[in-house]
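[1] Build the 3D model from these lines:
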Amino acid sequence: MEALEIFAPKVMRAQALLSFVQCAADELSFRVLFNYLQQNGIAIALLSEGPGSDEARNLLLVISKDSLRKLEPDLETLRVAMDAQTLVITKGVAVVRILGPHFDIRPGVAGLLYRQFEQAGVRMLANSTTVTTSLLVVFENELDKVEREIGRIFRTPKGR
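    Numbers count the residues shown, from 1 in each chain. Have a look, this model is predicted:
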């Protein structure tokens, strides 16, 4: 496969991953969380929702460490309001945005990227892929490895 050209990856450091596990699968539960975040000016760097067991859902969101400190006193209340079985907080993470490889017309690109990270021992905590972008949540202390592996797959402006 040819080395595809991408824009320089954007890295958002000092983030935290919140995993609401086994939430009620109703719109009201999620609305409570999103209203709370909006009212408190908390931006979401990545949001992913997927199936849990039975009728439950799992909700993952990444926010800044500063935002986490702001909402820490209310986390248990939010967990209960969402009827989540568990809330797992993973600190010291970063979101890496890869923009440009046109994942829609090159269907193997995401698989190539994820396989390369697996072989390099990068622990991907969450990911999201759209037509032109892949967002990856990784531990901050693995960013050098992430950037090296991205450079093996893609051509970036500084790598010319």
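[2] What separation do you get for I63 and A16?
    Counting by Cβ to Cβ, to the nearest Å, the separation of I63 from A16 is 6 Å. To be clear about C-beta, it is placed using only N, CA and C from the backbone, and glycine gets the same treatment.
[3] Stretch 145-160: which residues count as buried?
    Neighbour-count burial for stretch 145-160, with 16 or more other Cβ atoms under 10 Å as criterion, is recorded at K145, V146, E149, I150, I153, F154, T156.
[4] Columns pLDDT, distance to F139 and secondary structure on top of those, output as TSV?
    Formatted as TSV, these follow (pLDDT from 0 to 100; distance: Cβ to Cβ, whole Å; DSSP: H, G, I helix; E, B strand; the rest coil):
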residue	pLDDT	distance to F139	secondary structure
K145	97	10	helix
V146	97	9	helix
E149	95	14	helix
I150	94	16	helix
I153	89	20	helix
F154	91	21	strand
T156	85	22	coil
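[5] So what's the gap between the lowest-mean-pLDDT helix or strand in the chain and the chain middle?
    Least confident helix or strand, the chain: strand 4-5 with a mean of 85, by mean pLDDT, DSSP states H and E. The chain centroid and the centroid of strand 4-5 are separated by 22 Å under Cα atoms, centre = their mean, to the nearest Å.
[6] tell me what it is packed against?
    strand 154-155 (3 or more Cβ pairs under 8 Å, 6 or more residues apart in numbering; DSSP states H and E).
[7] So what touches the strand it packs on?
    Residues from elsewhere that reach strand 154-155, judged by Cβ atoms under 8 Å, 6 or more residues apart in numbering: A3, L4, E5, I6, I98, G100, P101.
[8] So which of those residues wins on neighbours?
    With neighbours defined as other Cβ atoms under 10 Å, the most crowded of the contacts of strand 154-155 is I98; it has 26 neighbours.
[9] what lines up beside the helix or strand hosting that residue in the sheet?
    Counting by DSSP states H and E, the element that carries I98 is strand 86-99. With DSSP bridges as the test, strand 86-99 is paired with strand 10-23 (antiparallel), strand 133-139 (antiparallel).
[10] Those strands: which one's closest to G50?
    strand 10-23 (10.7 Å; Cβ to Cβ).
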